[in-house]
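K.L.:
I'll drop the sequence and a predicted model, then ask my questions.
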Amino acid sequence: MKKELVEIVSEKNLIFDGRIDNYKVDGKKPEYIVFPENVKQISKIIELAAKEDSKIIPWGSGTKICIGNIPTKIDIVLSLENINKIIEFNPGDLTVYVEAGIKLSDLNQILFKEGLFLPVDPPFSDSCTIGGIVNTDSNGPLRQKYGKIKEMITGMKIMLADGSVVNTGAKVVKNASGYNISRLYVGSMGTIGVVTEIGLKLQPIPETIKNAILTFESISDFIDFTDSVRNSFLIPSYIEYISPSFLKYLSNEYVDEATGNHHLCLLGFDGFSETVDWQIEQVKSLCEKYKSIISSEKGDFFLDQVRNFRSLFENSVIFKINIVIPEFENVLKKIKKITLEYEPVFISHFRSGIIYVIFKLPENLDDEGVVDELTNRIEKTAVDSGGSYMVENIPLKFKERISVWGSMENNLEIMKKIKQQFDPNNIFNPGRFVGGI
Amino acid sequence: MLDSRVIEKLEFVVGKEYVIKDLNELIVFECDGFTLDKSAPEAAIFPGNTEEVSEIVRILYDENIQFTSRGAGTGLSGGCLASKGGVIICLSRMNRILEIDYKNGTAIVESGVINLQLTNKTSKNDYFFAPDPSSQMANTIGGNAATNAGGPHTLKYGSSINHVFGLEVVLSDGSIKQFGGKVEDINGFDLTGLIIGSEGTLGIITKLIVKILHIPEGVKTFLANFGSMYNATKSCSEIISSGIIPAAMEIIDYVMLSALKKAFDFEFSENAKALLIIEIDGIKQGMDRMGEKIINICNKNNALEVKVAKDDEERTLLWAARKSAFGAVGRISPNYLTNDGVVPRTKIPEMIEYVYEVGEKYSLKIANTFHAGDGNIHPLIMYDERNPDQVDRTFRAAAEIMKKCIEFSGTISGEHGIGTYKKKYMKWIFSENDIKFMRSIKKIFDPRGLSNPGKIFDLLSLKRK
């Protein structure tokens, strides 16, 4: 197959030597890494893979490759690194059409020059690609004001398993013409095609962006405070919750008497300067009764930590659960009890009900049944509270024992039919998605 | 006509009083707001809950009878008429608001709940449901989701798809499915997103989990008169480019203004060729400066007059007039065809000029009232259905307008859907392969092609296989 791949992408765009170690997925080594330079080459690679019964892992910059079940088989990593152009940028329309391999940071640099930005702040914002964000439905604190990536997509170009192309949407911000095929691809983990182009809606960069860190002595106080924010006219761009247990992972200069041992809340505001300042004043008066300490100097530091916490917890277990907001305190307490001996850290995009539960398992943990028990109980807690659950990261030896998507049975039949319809030979990312898709 | 045996079975499920089979009564269901395509159903059934919908559909599935779900019938593309015969399943009795969870910002409603009712119900707690199509006093939330309906405030708040977290859907075999939920992140394919905007072709929406929002502290509405349409549309483009995203930005042209004047005694300057309504909302602090920016842009573009709605009453009146615009045209013309193309917002000035040219070319009167902020135009082409030549010209003019939208990288529907009306133009925007993809989705959800047949695209190639 090497010969054919070289014919398609040329020698310089093919890796088959020791460097493939950098492209392992859950310990599994691919045989080839290909770097196509255009859509036509992608189509040929897919056709070749189909003929040879080889499996393809689409790859942006690999920042979220830990997400998903262990692939059943991997042969070719299809890197979109070279598929990274801006195809059309219309500042006046607040839209941009890009190739999927473009990095978010590179795109934003261009957009900034016109006073615009793409309002997403997913993990690894410095290196992740738009295609990766879309396929993993990756979002950050800003989702609480600007929505999720799926709400910013105007259209897509997708390469299907038979090598044909599908176009969805149009280059406009509003559309009710035909099925919303783009939605099917957001969060699809690259299992039903390779998204090669994406149209996006943009936002003007706010005049002022500010944030503040608030301290609370108890979770109840924090909840009480968020209730008063909810009942006010404030429009925070995010409300983040940080558990006291997170602080020991941070450098000492930011963890002082004010922040130490407290539940922290990071609040962000953006907009006209007087609008932002007024809101921060409002927050000050709202939290007077909790003996909160407000610090605006440390806000950016904590925002950075919240966005990039994953780099502090490489060999840890990271659960992402999404619960209904009224259950927040209850769920937090329950999971804390379940995981107490591992000193769990909790970080939450509060207004979206997202809670990350993070802890390290002892390296010498022999009884692997412990992991089964933990994951089962956390899943049950999330699901019983009307929510959803997934394991975002877990050391490989434990990953082998579980399904990272939980025991979800709901609608699997339809989802399997979709997979069967659009990838009948199971070429794309086999086994990594829900229900073995 | 349906077999009396089938009718009996259906009557057994919902009760005799909720099955209409008299031809005279069925005429009500022969079309929606798109009146150029009519086809009466063989029966209309009014289920009272999801289980009844499921039982009805199961009976129809066993008998291979096609069905079309219908809310209030306010659609504008022929999406809820029984174009291939069969049964209409009307969801108007399923109008209960089942849960309002303010802390979570969600409500659970049956699909027949009227759009405005949800806002009315939640307003005492300072909450509202954001999608606001013009017919929101009558249309249903299930219908909004089925067509991915928008409204003036879509500019800031997004279309229906941005406000639905979860759905309960009855598939064509009668099975009841739950998609999505009360939270935003659900594992697996986004089936909720796929159902929204699918116009009832993938199944019947019976319940929805929707987002409700806290009302903004302040609202300010500006009215700017322009001596030319071009200056009005240009002001819109410039407002957006200046970094302001208003809550709504609507334009009403002079043809529509005179219709409104006749219908509502609506006062406007004699020289005005276009009226631009701009609404901003949010925190009061800072709104004055935003308002000044907007006024400056309008003045720079030679606005004849810019004024601010002085109170809530004036604002309500203004929106009432805007939302009655379609009705007002009904008073000056026997019939009109509503169009719904979208273009990139900077192309609006050229696009509207083109609409007028098309009107002249085909000797048709066209009134415009549209969502200028997001590039969604609504040319209302006036005609008399008793004049076949005029009807023909109306269709041809509409097609030319759609074609132009596509030339500008736009599309043929922004918020009304495809239905039967725009089906034949789908091939202008999508390739054979794109449509084949949609057909494959349809086949997964509705293998027998029973659910709202003949809408969006035909299933000919399915049969061919």
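P.N.:
It's in. Quick caveat: nothing in here was measured; it's all calculated off a predicted structure.
K.L.:
what lines up beside whichever helix or strand A:Phe269 is part of in the sheet?
P.N.:
A:Phe269 belongs to strand A:263-271 when elements are defined using DSSP states H and E. When pairing is defined by DSSP bridges, strand A:263-271 lines up against strand A:208-216 (antiparallel), strand A:238-242 (antiparallel).
K.L.:
among these, which is the most enclosed?
P.N.:
Most buried of the strands paired with strand A:263-271, by mean neighbour count (mean count of other C-beta atoms under 10 Å in any protein chain shown): strand A:238-242, with a mean of 24. Bear in mind the C-beta positions are built from the backbone N, C-alpha and C, glycine included.
K.L.:
who touches that strand?
P.N.:
Contacts with strand A:238-242, where a contact means C-beta atoms under 8 Å, 6 or more residues apart in numbering or on different chains, come from A:141-142, A:144-145, A:222, A:226, A:229, A:263-268, A:302-303, A:305-306, A:346-351, A:355.
K.L.:
filter these to the buried ones?
P.N.:
A:141-142, A:144-145, A:222, A:226, A:229, A:263-268, A:302-303, A:305-306, A:346-351, A:355 (16 or more other C-beta atoms under 10 Å in any protein chain shown).
K.L.:
from these, which land in helices?
P.N.:
The helices, defined by DSSP state H, take in A:Gln144, A:Lys145, A:Phe222, A:Thr226, A:Val229, A:Phe302, A:Leu303, A:Gln305, A:Val306 from the buried ones among the contacts of strand A:238-242.
K.L.:
okay if I get these as a markdown table plus distance to B:Val19 and pLDDT?
P.N.:
Output for these, formatted as a markdown table (distance: C-beta to C-beta, whole Å; pLDDT from 0 to 100):
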| residue | distance to B:Val19 | pLDDT |
| --- | --- | --- |
| A:Gln144 | 47 | 97 |
| A:Lys145 | 48 | 97 |
| A:Phe222 | 55 | 97 |
| A:Thr226 | 50 | 97 |
| A:Val229 | 51 | 97 |
| A:Phe302 | 62 | 92 |
| A:Leu303 | 60 | 94 |
| A:Gln305 | 63 | 92 |
| A:Val306 | 57 | 93 |
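K.L.:
quick one: which two of these are the most distant?
P.N.:
Maximum pairwise distance among these (C-beta to C-beta): 21.7 Å, between A:Val229 and A:Gln305.
K.L.:
so where's chain B shaky on pLDDT?
P.N.:
B:460-465 (pLDDT under 70).
K.L.:
also chain A?
P.N.:
Using pLDDT under 70, the flagged stretches of chain A are A:257-259.
K.L.:
A:Leu80 reaches A:Val134, doesn't it?
P.N.:
No. Assessed by C-beta atoms under 8 Å, A:Leu80 is found out of contact with A:Val134, at 11.3 Å.
K.L.:
shared neighbours of the two, which are they?
P.N.:
Both A:Leu80 and A:Val134 are in contact with A:Ala100, where contact means C-beta under 8 Å, 6+ apart.
K.L.:
what about whichever residue of the stretch 151-300 of chain B sits closest to chain A, how many neighbours?
P.N.:
Here the stretch 151-300 of chain B gets closest to chain A at one residue, B:Gly193, 2.9 Å apart by C-beta to the nearest C-beta. Counted with other C-beta atoms under 10 Å in any protein chain shown, residues neighbouring B:Gly193 total 26.
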